[in-house]
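>>> structure, please.
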Amino acid sequence: MVVPLNKQTTDGTNEKTPLRYAAIWAEGAARAADARRAVRTFLTHAPRAGHAAVPPALAMDAELATSELVTNAIRHAPGTCGMTLRMSEQELTITVWDSSTEQPAPEKADPRRIGGHGLHLVQTVSEKVVVALRATGKLITAHLPVTPPGNGSPAFSSAVPH
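The predicted structure is shown next:
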């Protein structure tokens, strides 16, 4: 199930309405490539919805965080999973939920190890990462700043080499 980008609700304030997107994947149907494509489309749509254009570094970081979070959900949690995206004037949040009730822990960096770097990468490109454990699974939310207060440039440069 996908919530179309044009289905937005107002929150009753004078601020721009946050742009939102949601997707739910049945067991075995989630693919990181589809999630990255959804983020790319979401961010491309932002200016048409009245939001500022997204800097390329933020778009790359958002795709990386999304890819890592969805891949972790696919690898470590059986069942359905989903993703929500929310963009306000201040930040982009990427939330991925899955059916695992295990607390994820980033592993220490080890250049000799294949895999196991995903959560560390998400933390590197995000201002903060919040894990909410539930009885039926967990939600992991990456918060990426769109711009710092009073400035039109990205809050920090991308962790992804350009």
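>>> make it CA atoms for all contacts and neighbour counts henceforth
Will do.
>>> for the residue nearest the centre of the chain, list each beta-bridge partner.
For the chain, residue 94 is the residue whose C-alpha lies nearest the centre (C-alpha atoms, centre = their mean; 2.4 Å). The partner list for residue 94 in beta bridges (DSSP bridges) reads residue 85, residue 142.
>>> let me see the contact set for it.
62, 65, 66, 83, 84, 85, 86, 141, 142, 143 (C-alpha atoms under 8 Å, 6 or more residues apart in numbering).
>>> residue contacts, the second one?
Under the criterion of C-alpha under 8 Å, 6+ apart, the contact list for residue 65 reads 94, 121, 122, 125, 126, 142.
>>> with respect to pLDDT, which of these ranks lowest?
Lowest-confidence member of the contacts of residue 65: residue 121, scoring 88 (pLDDT).
>>> quick check, that residue in a helix?
Yes: according to DSSP: H, G, I helix; E, B strand; the rest coil, the state of residue 121 is that of a helix.
>>> where does the nearest residue to residue 119 once chain neighbours are set aside fall, phi/psi-wise?
Nearest residue to residue 119 in three dimensions, chain neighbours excluded: residue 106, at 5.3 Å (C-alpha to C-alpha, 6 or more residues apart in numbering). The phi/psi pair for residue 106 (degrees, to the nearest 10) reads phi -70, psi 140.
>>> please apply the same query to residue 35.
phi -70, psi -40.
>>> farthest-separated two in the contacts of residue 65?
Farthest-apart pair in the contacts of residue 65 is 94 and 121; separation 14.0 Å (C-alpha to C-alpha).
>>> alright, that wraps it up for me.
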